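S.K.: Fold the following for me, if possible:
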Amino acid sequence: MAEDFDQVVEANEPERLATGFEFTEGPLWNREGYWLFGDLPNNRIHRLSPGGRPEVFREDSGRANGLTFDLQGRLIMCEGNNRQVTRMDNGGAVTPIAQNLGGKRINAPNDVVGHSSGSIYFTNPTGRIPVPEQELGFSSVMRVNLDGSLSSLTGDLGFPNGLGFSPNEEILYVTITRADQACIQEKERGEVCEHQLIYAFDVQTDGGLANQRVFASLASAEEGVPDGMKVDTEGRVYSTGPGGCWVFNSDGSHLGTIKLPELPANCAWGGPDHKTMLFTARTSVYTMRMKTSGTRIPSAS
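M.R.: So this is what the prediction gives:
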């Protein structure tokens with residue numbers, strides 16, 4: 001572990017905020033002072049205020065995974081079971097904003113991030129859709145454009161999962177959980193999967209993506225795969241993966257891995273100073289304090 005990993009984590013022990021769920025995902029901080037996260041098998045989104053008890057925020061969530069806010073502060077949700085990305089207004093009404101590309105139904109949207117331009121980027125893997133039901137036949141990063149149209153921005157990426165922008169939004173990072181089903185078999189045999197990666201893309205002035213390249217490898221035989229991701233204001237990349245949450249410098253060098261009592265699937269920045277990271281980890285949610293603040297979700301205000 002690199003010496004400067006000591007400059008990343010402030011608290012050595014995580015704090016468990018709540019437990020008793022089946023599989024938690026999609027963490028998100030609301031600047032009004034509470035967390036949102038999903039319990040995927042139970043098809044719910046929960047709300048949790050620091051020091052409080054979890055409450056059901058939304059039933060029948062469409063197995064919502066990735067969550068974010070748009071520039072107007074409206075909740076954006078990747079509803080994997082419903083094969084759509086939706087937006088919830090302040091009154092609670094839910095409207096689809098991404099369902100079809102060129103007349104073909106999208107796959108199972110997984111994670112999502114907003115850009116300061118107002119466009120919404122999300123990963124759209126095929127991995128959880130039976131082959132006969134796949135209308136597009138490929139996995140990619142997609143964008144909901146300002147005019148409401150939908151664009152696919154990459155070639156087939158296998159299983160793209162988490163994503164996040166660099167602090168200046170010039171780079172988009174995307175975790176790759178696997179290349180294909182053979183990767184699952186490798187992990188089951190306790191072998192190292194070399195397809196556990198983070199890709200980096202240059203963000204073009206028109207919002208497109210170019211120069212796909214490997215930013216970092218999370219190749220490991222340990223339990224877990226590259227999944228949710230966040231970036232701090234110094235450009236470090238935090239990706240849940242085998243054994244915990246891997247932290248990389250902006251040059252892709254591995255600084256160390258944050259270990260938790262349960263294997264984390266996703267993470268999010270929050271708290272008043274944005275130095276608290278919430279981890280959704282199997283049956284529980286945990287927080288840890290970091291020494292550097294995280295990048296904030298773009299807002300119109």
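
S.K.: ranges for the helices of this protein?
M.R.: Chain-ordered helices for the chain, with DSSP state H as the definition, fall at 181-188.

S.K.: Show me what the longest strand seen in it is packed against.
M.R.: Longest strand in the chain by number of residues (criterion: DSSP state E): strand 209-217. Using 3 or more CB pairs under 8 Å, 6 or more residues apart in numbering; DSSP states H and E as the contact criterion, the secondary-structure elements in contact with strand 209-217 are strand 197-203, strand 237-241, strand 244-248. Using the backbone N, CA and C atoms, a C-beta is placed for each residue, glycine as well.

S.K.: change it to 7 Å
M.R.: Applying 3 or more CB pairs under 7 Å, 6 or more residues apart in numbering; DSSP states H and E, we find strand 209-217 packed against strand 197-203.

S.K.: Using PDB, write down the CA coordinates of the strand it packs on.
M.R.: The C-alpha trace of strand 197-203 is given here as PDB (Å, rounded to 0.1, in the frame of the first residue of the first chain):
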ATOM      1  CA  LEU A 197     -11.100  -2.800 -15.400                       C
ATOM      2  CA  ILE A 198     -11.800   0.900 -15.300                       C
ATOM      3  CA  TYR A 199     -11.900   2.500 -18.700                       C
ATOM      4  CA  ALA A 200     -11.300   6.200 -19.200                       C
ATOM      5  CA  PHE A 201     -12.800   8.300 -22.000                       C
ATOM      6  CA  ASP A 202     -12.100  11.900 -23.100                       C
ATOM      7  CA  VAL A 203     -15.300  14.000 -22.900                       C
END
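
S.K.: Measure how buried Lys104 is and give me the count.
M.R.: Other residues within reach of Lys104, judged by other CB atoms under 10 Å, total 11.

S.K.: what are the bridge partners for it, then?
M.R.: Lys104 has these beta-bridge partners by DSSP bridges: Leu101.
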